[in-house]
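J.: sequence plus the predicted model coming up.
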Amino acid sequence: MMRLVHLVVIGALVFAAAYVYRIKMESTARTEMVLRLHAQIRQERDAIARLRADWAKLDATGRLQGLAERHLKLKPILARQFDQLKNLPERPPRIVDPNDPDPIASMIEKVDPDLTTGSVPASSPESPR
């Protein structure tokens, strides 16, 4: 009887040791995975920083000004190119009343008062079936 108890206890100890070893290996593997992910994150952040630096270099106003002068045939704006406000054309009439709850319907009515939309006739007392 005592031998059986000893064998069961030894078996339980071996099982427990194997289980603890498995947990240790899983935690080691997960730790390595976390370290790899941290390294990838660091690489991605470095790449983002490089791309931002490249963008700042490409977006520099002096560089863009030089490219515009080299490739675009633009001339400077002269003060005499602007016209006076009195020479502007008249403002077009308002189509929409600002207090109207349905501005699109009022525009349609002002453009074509006889226009009907939808499948219901505009002014028939009884619709034919």
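T.: Looks like it arrived, so ask away.
J.: roughly how far apart are Ala16 and Arg3?
T.: In this view, Ala16 and Arg3 are 20 Å apart by C-beta to C-beta, to the nearest Å. The way it works is simple: take the backbone N, C-alpha and C, and place the C-beta from them, glycine included.
J.: kindly apply the preceding question to Thr61 instead.
T.: 90 Å.
J.: who has more neighbours, Ala16 and Arg3?
T.: Ala16 (10 against 7; other C-beta atoms under 10 Å).
J.: and the more buried one, what pLDDT?
T.: At Ala16, the model reports a pLDDT of 96.
J.: distance from the chain centre to whichever strand or helix holds it, please.
T.: Assigned by DSSP states H and E, Ala16 belongs to helix 2-58. Centre-to-centre, helix 2-58 and its host chain are 34 Å apart (C-alpha atoms, centre = their mean, to the nearest Å).
J.: that one: what's the following helix or strand?
T.: helix 61-71.
J.: that following helix vs helix 2-58, what angle?
T.: Helix 61-71 and helix 2-58 are oriented at 50 degrees to each other (axes from the mean of the first three to the mean of the last three C-alpha atoms, to 10 degrees).
J.: after helix 61-71, which helix or strand is next?
T.: Assignment by DSSP H and E places the next element after helix 61-71 at helix 103-111.
J.: that next one: how far from the chain's middle?
T.: 36 Å.
J.: use 10 as the first number from now on
T.: Shifting the count to begin at 10 puts that one at helix 112-120.
J.: list the helices and strands that helix packs on?
T.: Counting contacts by 3 or more C-beta pairs under 8 Å, 6 or more residues apart in numbering; DSSP states H and E, helix 112-120 packs against no other helix or strand.
J.: give me the pLDDT for Arg45.
T.: Arg45 is assigned 97 on the pLDDT scale.
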